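> generate coordinates for the sequence data below:
(chains A and B)
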Number of protein chains: 2
Amino acid sequence: MASHFADRLCEAVKCKRTPLVVGLDPVYGRLPSAIKSHRDMNDEFDAASAVDAIFDFCTQTMRIIAPMVPAVKINIAFFEKYLWEGIESYYALISEADDLGLEVIGDVKRGDIGHTAELYAAAHLENPELVGLEDTLVPDAITINGYAGTDGIEPFADMAAKQGKGLFVLVRTSNPSAASIQDFADTDGQTMYEKIAEIVNEIATKPERIGSNGYSNVGMVVGGTSPEVATALREKYDKVWFLVPGYGSQGASATDCIRFCKPDGSGASINASRSIIYAYEKPKYKGQFSDDWKRCIEQAVIDAKIDLAKAMQSKL
Amino acid sequence: MASHFADRLCEAVKCKRTPLVVGLDPVYGRLPSAIKSHRDMNDEFDAASAVDAIFDFCTQTMRIIAPMVPAVKINIAFFEKYLWEGIESYYALISEADDLGLEVIGDVKRGDIGHTAELYAAAHLENPELVGLEDTLVPDAITINGYAGTDGIEPFADMAAKQGKGLFVLVRTSNPSAASIQDFADTDGQTMYEKIAEIVNEIATKPERIGSNGYSNVGMVVGGTSPEVATALREKYDKVWFLVPGYGSQGASATDCIRFCKPDGSGASINASRSIIYAYEKPKYKGQFSDDWKRCIEQAVIDAKIDLAKAMQSKL
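Below is the predicted model:
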């Protein structure tokens, strides 16, 4: 395992030949009936049963997709719903992903200042050396919220660098009301998200943070739904790796998202969550593979990879 | 128990005659030696031992302060450091606080959009009805990060209203680099934090969110270190309850913080964390009470209450 997160991610992208990342957002009600009908996992209102079900679903899904994609993004909120039971399962899933050779992005969106930020950074970026938790693995990278400014970001960046981990700071989200805050512009026409991008870039481009592939371990989260934003940020921030939500169910096209990639295909991880992991709900795949939910997911990954590859070809 | 969070808080403030809130930020290394030397809690590098120690410290501290203050603020990061072991302890502590009649603010600073925000809201604002977690209590209110805009705040506000809970949205933090982002100003001179305050106020002042005391269940977090900010926000947002960090160790004075209160003493909760819970480290209290750490904490609360009451008197 290379010691720099961006180098590991870069290698994984080359090896799997795609910028696609699969987001795991497991909701009990939407799991395949084969899982929900298992006698140990058939009770949505029993925490252990529900957590076992979403863990089983995620593990099986990762086994299907691991040969095809460089990374998974695990959204901790879907586990946190089950309080500590869910959190234990979240960390167990990271170990499973690691066994499968996947890079893991923990989508935790934590954020705080000073010592509190250090504690969050420890929980999410440092494998614990405590008796009782010693076999636990943390993700390869996490998402954070940088609204508190530089001293809300640096404790995370420092811990990430020390542990060979990565960081993606929220810059521009893809939700409808994001503009009211993030596109807030100053007298020079600079927007809030551009200002945060500038601050993140300053932290990201410190020489000690740059890996041998030229990318920093500190990246940015930017929604794929604004093509002009993508083009501008890609050109401006050469050393930054982008994590791009919004592809698939949220409406960003492959062409929109691929703008975050450099011509060699590196520089961005394009995330699709629901459109992949719930592929078996779609008539398109259901008609083809009937109840074989795993084949549906597999085919959805293949289709998404082709979609992104074609968009990349047209761009070049 | 009244069904509206701001009404409960208002009553508690009247009853305890102080806007003071004690923040629980327990760090193993700083615990009283009486706790750290207990044979079940003397190993900082054993998760169970360390978690037991911080839980015991927080419980004992709450027993001392419960008759004197309306609320505690529990910072989840200090528990999250111990992963699921810590999270279980965080929720257990909420039950202890509830038994002691304290209002509990969960300082969790979560934030996301759409369905993910709903999941976080469920985890932190809705008592779980799941088998295995059914005796768990969630806090009376939580802090959230509103950088995603209205649709990152409303799922929390809706859940809070439904459950008789409260919400404090980060508006202006008290750290040194906050200004670079939060004081970012547009062409009309409105700053980022003022813009967020405006958005929060719009959500807060929907008629169904206002309690019988005139306050909304949706409040704002604003650091106590900027007196002019305090005065302006208090005047502008009549129905908003402020959660004010920064008093004590972070350098905001009682006079600065009290600006967030209305003349009757309602309208703000002024938080002191380290200056109270680690009072036994200070020569001032150590000299007076020697190793009696509980008396040190008790006296620190009494002193802080007097300090705030005096500031309130001078203001009137």
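> the residue in the stretch 151-300 of chain A positioned nearest to chain B: what's it in contact with?
Going by CB to the nearest CB, chain B is nearest to residue A:177 of the stretch 151-300 of chain A, at 3.6 Å. Where you see a C-beta, it was placed from the backbone N, CA and C, and this is true even at glycine. Residues in contact with residue A:177 (CB atoms under 8 Å, 6 or more residues apart in numbering or on different chains) are B:148, B:149, B:150, B:151, B:152.
> pull the number of nearby residues for the first one.
Pointing back at residue B:148 there. Using other CB atoms under 10 Å in any protein chain shown, residue B:148 is surrounded by 27 other residues.
> which positions within stretch A:145-165 qualify as buried?
Going by neighbour count (16 or more other CB atoms under 10 Å in any protein chain shown), the buried part of stretch A:145-165 is A:145-161, A:163-165.
> among those residues, which ones lie close to chain B?
Among the buried residues of stretch A:145-165, the residues that sit close to chain B (CB under 8 Å from any CB of the partner chain) are A:145, A:146, A:147, A:148, A:149, A:150, A:151, A:152.
> looking at the buried residues of stretch A:145-165, which are in helices?
A:150-161, A:163 (DSSP state H).
> mind picking the lowest-pLDDT entry from those residues?
Ranked by pLDDT, these bottom out at residue A:151 (91).
> leaving out chain neighbours, which residue sits closest to that one?
residue B:177 (4.6 Å; CB to CB, 6 or more residues apart in numbering or on different chains).
> and what of residue A:315?
Leaving aside its chain neighbours, residue A:315 sits nearest to residue A:258 (5.8 Å; criterion: CB to CB, 6+ apart).
> that neighbour touches residue A:310, doesn't it?
No: the pair residue A:258 / residue A:310 is not scored as a contact, 9.3 Å apart, by CB atoms under 8 Å.
> more neighbours, the two?
Ranked by neighbour count (other CB under 10 Å), residue A:258 and residue A:310 place residue A:258 first, with 27 against 13.
> for that one, what are its contacts?
Contacts of residue A:258 by CB under 8 Å, 6+ apart are A:19, A:268, A:270, A:308, A:311, A:312, A:315.
> tell me what the helix or strand the fourth one falls within is packed against?
To tie it back to what came earlier, the one meant is residue A:308. Using DSSP states H and E, residue A:308 sits within helix A:293-315. Secondary-structure packing of helix A:293-315 (3 or more CB pairs under 8 Å, 6 or more residues apart in numbering or on different chains; DSSP states H and E): strand A:20-24, helix A:47-65, helix A:254-258, helix A:274-277, helix A:283-289.
> buried deepest among those, which one?
Highest mean neighbour count of the helices and strands packed on helix A:293-315: strand A:20-24, a mean of 26 (counted as mean count of other CB atoms under 10 Å in any protein chain shown).
> next structured bit after that strand?
Downstream of strand A:20-24, the first helix or strand assigned by DSSP H and E is helix A:33-36.
> could you list the buried residues of that next one?
Neighbour counts using 16+ other CB under 10 Å place A:34, A:35, A:36 of helix A:33-36 among the buried residues.
> okay but residue A:131 is in contact with residue B:44, surely?
No: Residue A:131 is beyond contact range of residue B:44, at 10.1 Å (criterion: CB under 8 Å).
> one step back: if we take the ones in helices among the buried residues of stretch A:145-165, which one ends up nearest to residue A:4?
Distance to residue A:4 across those (CB to CB) is lowest for residue A:161, with 8.9 Å.
> thought the closest one was touching residue A:209?
Yes: Residue A:161 lies in contact with residue A:209 (CB under 8 Å); the separation is 5.9 Å.
> any residues in contact with both of these two?
Joint contacts of residue A:161 and residue A:209 (CB under 8 Å, 6+ apart) are residue A:217.
> angles on the backbone of residue A:69, please.
Main-chain torsions, residue A:69, degrees, to the nearest 10: phi -130, psi 150.
> same deal with residue A:183?
Torsion angles, degrees, to the nearest 10, at residue A:183: phi -100, psi 10.
> burial count for the residue nearest to it when sequence neighbours are not counted?
Spatially, and ignoring its direct neighbours in sequence, residue A:183 is nearest to residue A:191 (5.0 Å; CB to CB, 6+ apart). Neighbour count for residue A:191, taken as other CB under 10 Å: 19.
> would you mind measuring from residue A:191 to residue A:16?
To residue A:16, residue A:191 is 34 Å away according to CB to CB, to the nearest Å.
> and residue A:283, by the same measure?
Residue A:283 is 28 Å from residue A:16, by CB to CB.
> the stretch 101-250 of chain A: strands as residue ranges?
Remark: strands assigned in the stretch 101-250 of chain A by DSSP state E, counting those that start in this stretch are A:103-110, A:141-144, A:166-172, A:218-222, A:242-244.
> mean pLDDT for those strands - can I get that in TSV?
Below are the strands of the stretch 101-250 of chain A laid out as TSV (pLDDT from 0 to 100):
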stretch	mean pLDDT
strand A:103-110	98
strand A:141-144	98
strand A:166-172	97
strand A:218-222	97
strand A:242-244	98
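> any chance of these in CSV with mean neighbour count as columns?
CSV is the format used below for those (neighbours: other CB atoms under 10 Å in any protein chain shown):
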stretch, mean neighbour count
strand A:103-110, 26
strand A:141-144, 28
strand A:166-172, 28
strand A:218-222, 28
strand A:242-244, 26
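> could I get those as a markdown table with distance to residue B:27?
Output for the strands of the stretch 101-250 of chain A, formatted as a markdown table (distance: least, CB to CB, whole Å):
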| stretch | distance to residue B:27 |
| --- | --- |
| strand A:103-110 | 18 |
| strand A:141-144 | 21 |
| strand A:166-172 | 24 |
| strand A:218-222 | 27 |
| strand A:242-244 | 32 |
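> residue A:262 - nearest residue in space that isn't next to it in sequence?
residue A:234 (7.4 Å).
> what distance do you get for that neighbour to residue A:201?
Per CB to CB, residue A:234 is found 12 Å from residue A:201.
> what's the answer for residue A:219, then?
Shown here: residue A:219 relative to residue A:201, a distance of 10 Å by CB to CB.
> who touches both of those two?
residue A:240.
> can you find the helix or strand in chain A with the smallest mean pLDDT?
helix A:178-182 (a mean of 90; mean pLDDT, DSSP states H and E).
> just how off-centre is it within its chain?
From the chain centre to the centre of helix A:178-182 is a distance of 22 Å (CA atoms, centre = their mean, to the nearest Å).
> touching it from outside, list them.
Helix A:178-182 has contacts (CB under 8 Å, 6+ apart) with A:171-173, A:191-193, A:223, B:113, B:146-150, B:192, B:195-196, B:199.
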